[in-house]
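Asks: Return a 3D structure for these sequence lines:
(one chain, ligands or ions: 1)
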Amino acid sequence: MNVFVTGGAGYIGSVGVEELLNAGHQVTVFDNLTEGHRSAVDERAVFVEGCLGNADQIREALQASGAVAVMHFAANALVGESMQQPEKYFRNNVANGLNLLEAARLAGVRKFVFSSTCATYGPPEIVPITEAEAQKPINPYGESKLMFERMLRWYHEIHGLEYVALRYFNAAGASERFGEHHRIETHLIPNVLAVALGQRDHCEIYGTDYPTPDGTCIRDYIHIIDLAQAHIRALEPGRVGCFNLGNGAGYSVREVIDACVRRSGKAIPSVEKPRRPGDPPRLVADARKARTELGWEPRFPDLDAIVGSAWAWHQRHPEGYPD
Ligand code: UDP
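Replies: Residues are numbered from 1 along each chain as shown. Take a look at the predicted model:
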């Protein structure tokens, strides 16, 4: 299939593109490189440097690609930042996303696969979280992704666009070639591994008074290759709707640090800090719907395997990507 991928130079998008190409699909990457890196774009893909804020540019690029499907990875995705700059999230994730959606409609695209998030739920009533959980986000990041999900549903009902919204839990790990390099890193695993690499003298634990067994936040970490595989399954005609993607296992911040110590063999000192605004205490997926309806089966559910793949990539790329 001919697939147009926004955010294909970013962390999750780069592996999404790699897996699409490995599966024999044809790929055009559209990315403005503010968060992404040129060298994170698989050389087998066509690359267009462009901005979703420019409606004409996105329309022309999508039309020229001849794509029949869109995968929309491009977004701002930091909970903490969204609590300080909500406008950035509504602009980029909602308003600019609508430019892409319009371009897709005009180009006659049949399938739209969207990177959504468990942050659309807010603190859940029942854990593990199913897709039936009420969506009440507690940060603008989650709100912006929920707004886009709702636009997709109406585009489906009114324009017949098939959409699949994949609600990621915590994307983690690396492929052989592509890994996590944010210019400003806020995520737990790369920050902890930076200590193991000797780049920082300690990591920070945001909040130790949560109502969890060890007082730190619990998340469901999912390997990015497994995420990428779910996108490929979503491409199949007739697949429509929202799907959680996680392993169904929750790990606390302290357990993640312990896994990083085990896999790296290094001491990793940590410092306890106050809670980070916008963080729900416990987010764990019930991803049975993705398994039954998409036929998706995670291949790397083990936390140590996920952390190990990230550690291998960071050791090979201690400074991340060169650009
Ligand atoms: N976290 C932490 N120290 C860090 C980065 C993150 O304690 O240096 C915590 C954060 O508060 C959250 C969890 O680790 O509870 C996962 O955070 P991350 O930013 O990796 O992903 P998020 O869940 O926000 O998408």
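
Asks: Counting by contacts, list what the helix ranked longest in the chain packs against.
Replies: Longest helix in the chain by number of residues (criterion: DSSP state H): helix 140-159. On a contact count with 3 or more CB pairs under 8 Å, 6 or more residues apart in numbering; DSSP states H and E, helix 140-159 meets helix 79-84, helix 86-89, helix 96-106, strand 111-117, strand 162-168. The C-beta positions use only the backbone N, C-alpha and C, and glycine is treated the same way.

Asks: will you turn the ones you listed into JSON lines that also has distance to the ligand?
Replies: Shown next, in JSON lines, are those (distance: least, CB to the nearest ligand atom, whole Å):
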{"stretch": "helix 79-84", "distance to the ligand": "4"}
{"stretch": "helix 86-89", "distance to the ligand": "14"}
{"stretch": "helix 96-106", "distance to the ligand": "19"}
{"stretch": "strand 111-117", "distance to the ligand": "8"}
{"stretch": "strand 162-168", "distance to the ligand": "9"}
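
Asks: Show me what counts as buried in the lowest-mean-pLDDT helix or strand in the chain.
Replies: Scoring the helices and strands of the chain by mean pLDDT, DSSP states H and E places helix 79-84 at the bottom, with a mean of 93. Buried residues in helix 79-84, counted by 16 or more other CB atoms under 10 Å: 79, 81, 82, 83.

Asks: Show the contacting residues for the closest residue to the ligand within the chain.
Replies: Closest residue of the chain to the ligand, CB to the nearest ligand atom: residue 217 (3.0 Å). Going by CB atoms under 8 Å, 6 or more residues apart in numbering, residue 217 touches 206, 207, 210, 252, 253, 279, 280, 281, 282.

Asks: if we go to 10 Å?
Replies: Shown in contact with residue 217 (CB atoms under 10 Å, 6 or more residues apart in numbering): 188, 205-208, 210, 250-254, 256, 275-276, 279-283.

Asks: all helices of this structure, in order?
Replies: Under DSSP H, the chain gives helices at 11-22, 55-65, 79-84, 86-89, 96-106, 140-159, 188-196, 224-234, 253-264, 288-294, 303-316.

Asks: The ligand contacts on the stretch 101-250 of the chain?
Replies: Residues of the stretch 101-250 of the chain found near the ligand (CB under 6 Å from any ligand atom) are 170, 186, 187, 188, 191, 203, 204, 205, 206, 217, 219.

Asks: Help me confirm that the last one comes into contact with residue 206.
Replies: Pointing back at residue 219 there. No - the pair residue 219 and residue 206 fails to qualify as a contact (CB atoms under 10 Å) at a distance of 11.8 Å.

Asks: what about residue 134, how many residues close to it?
Replies: 8 (other CB atoms under 10 Å).

Asks: Just want to check the distance between the residue nearest to it when sequence neighbours are not counted and residue 282.
Replies: Excluding the flanking residues, the one nearest residue 134 by CB to CB, 6 or more residues apart in numbering is residue 125, at 6.9 Å. Separation of residue 125 from residue 282 (CB to CB, to the nearest Å): 12 Å.

Asks: Repeat that for residue 134.
Replies: 16 Å.

Asks: Same question for residue 122.
Replies: Here residue 122 is placed at a distance of 12 Å from residue 282 (CB to CB).

Asks: again, but for residue 106
Replies: As judged by CB to CB, residue 106 and residue 282 stand 42 Å apart.

Asks: residues in contact with the residue sitting furthest away from the middle of the chain?
Replies: In the chain, counting by CA atoms, centre = their mean, residue 267 sits farthest out from the average C-alpha position, at 28.8 Å. Neighbour list for residue 267: 195, 196, 261 [criterion: CB under 10 Å, 6+ apart].

Asks: quick one: pLDDT of it?
Replies: With respect to pLDDT, residue 267 scores 97.

Asks: Same check on residue 122?
Replies: 88.

Asks: returning to that earlier point: pick out whichever of residue 125 and residue 282 has more residues nearby.
Replies: In this view residue 125 and residue 282 are compared by other CB under 10 Å, and residue 282 has more residues nearby, 18 against 10.

Asks: if I pick the closest residue to that one other than its chain neighbours, what's in contact with it?
Replies: For residue 282, ignoring the flanking residues on the chain, the nearest one in space by CB to CB, 6+ apart is residue 218 at 4.3 Å. Residue 218 is in contact with 127, 210, 212, 249-253, 255-256, 280-284, counting by CB under 10 Å, 6+ apart.

Asks: circling back to that earlier point, out of the residues of the stretch 101-250 of the chain next to the ligand, which two are the most distant from each other?
Replies: With CB to CB as the measure, no two of those lie farther apart than 170 and 204, at 16.9 Å.

Asks: quick one: which of these two has more around it?
Replies: Neighbour tally, residue 170 and residue 204, criterion other CB under 10 Å: the higher count belongs to residue 170, 21 against 16.

Asks: Verify the stated contact: residue 215 with residue 254.
Replies: Yes - using CB under 10 Å, residue 215 is in contact with residue 254, at 8.3 Å.
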